[in-house]
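**Student:** based on what follows, work out the 3D shape:
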Amino acid sequence: MDRLSENIIVGFLKEKLPNYDILAEEGGSCDSGSAWRWILDPLDGTTNYAHGYPVFCVSLALEYDRKIVWGAVYDPMHEELFSAERNKGAFLNNERIKTSSTARLDKAMVCTGFPYDVRKSSDDILTFLVGFLKTAQAVRRDGSAALDLCYVAMGRFDGFWEMKLKPWDIAAGALIVQEAGGRATGFDGKQLNLKRGDVLASNFLIHDEMINVIRKGSFKG
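**Tutor:** Below is the predicted model:
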């Protein structure tokens, strides 16, 4: 289904805008050196989909000159379309959205995800998890980074962190968070780097507290 979804979307994009490059998860990429590039995850939450757990989506972002300028995430199970254009706000089904007003981490519900190599990874994944379990009001793990970011954007979650993500996991959702009034950075609080793979997103108000938890978890980014 990953490949089928990608083939349909990539085929449509190539037909409509043949001069745009594409970066897609399942290999349907093309790179001609264009300043315009689509970044596509045709099925984010594949394991959820395979098990019939209704948390998965399609994520598509548009990059111009290495800067994300537009993004959309579609959840077909709930018919929710999240979207954002740089400097024009974030929306859910054409209604403007904004991040939560939770001002303290101990009152916040945050979310995370685990990389596919979690069983053998030497990184501090569980250290971070324990840190947030002890400081936040609640921690969830839903298995779709793109949707998790959108949930931060609309206030269902107050914050999100995850390691080892790919550009197609982050690109659209991070812009939607930022356009909804939140922050999306690396674990160090600096500008988000899609190639690096660590993302820390929040409603802005608890961002520094989340960074402190990460630092105590001995992140060595």
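**Student:** list the buried residues of the helix or strand of the chain with the lowest mean pLDDT.
**Tutor:** The helix or strand of the chain with the poorest confidence is helix 125-135; it has a mean of 91 (mean pLDDT, DSSP states H and E). Within helix 125-135, the residues scored as buried using 16 or more other CB atoms under 10 Å are I125, F128, L129, G131, F132, T135. Every residue, glycine included, has its C-beta placed from N, CA and C.
**Student:** and what of stretch 5-13?
**Tutor:** S5, E6, I9, V10, L13.
**Student:** quick one: low-confidence residue ranges for the chain.
**Tutor:** Counting by pLDDT under 70, the chain shows low-confidence ranges at 119, 121-124, 218-221.
**Student:** what about the helices in it?
**Tutor:** Secondary structure of the chain (DSSP state H): helices at 2-16, 46-51, 125-135, 145-154, 167-179, 207-216.
**Student:** and the gap between W161 and N93?
**Tutor:** 27 Å (CB to CB, to the nearest Å).
**Student:** which residues does E80 form a beta bridge with?
**Tutor:** Beta-bridge pairing of E80 under DSSP bridges involves D75.
**Student:** thought it was touching Y74?
**Tutor:** Yes - judged on CB atoms under 8 Å, E80 makes contact with Y74 at a distance of 7.4 Å.
**Student:** how long is stretch 189-197 end to end?
**Tutor:** Stretch 189-197 has an end-to-end distance of 13 Å (criterion: CA to CA, to the nearest Å).
**Student:** circling back: could the helices of the chain go into TSV alongside distance to E26?
**Tutor:** As requested, those are arranged in TSV below (distance: least, CB to CB, whole Å):
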stretch	distance to E26
helix 2-16	5
helix 46-51	10
helix 125-135	25
helix 145-154	15
helix 167-179	10
helix 207-216	31
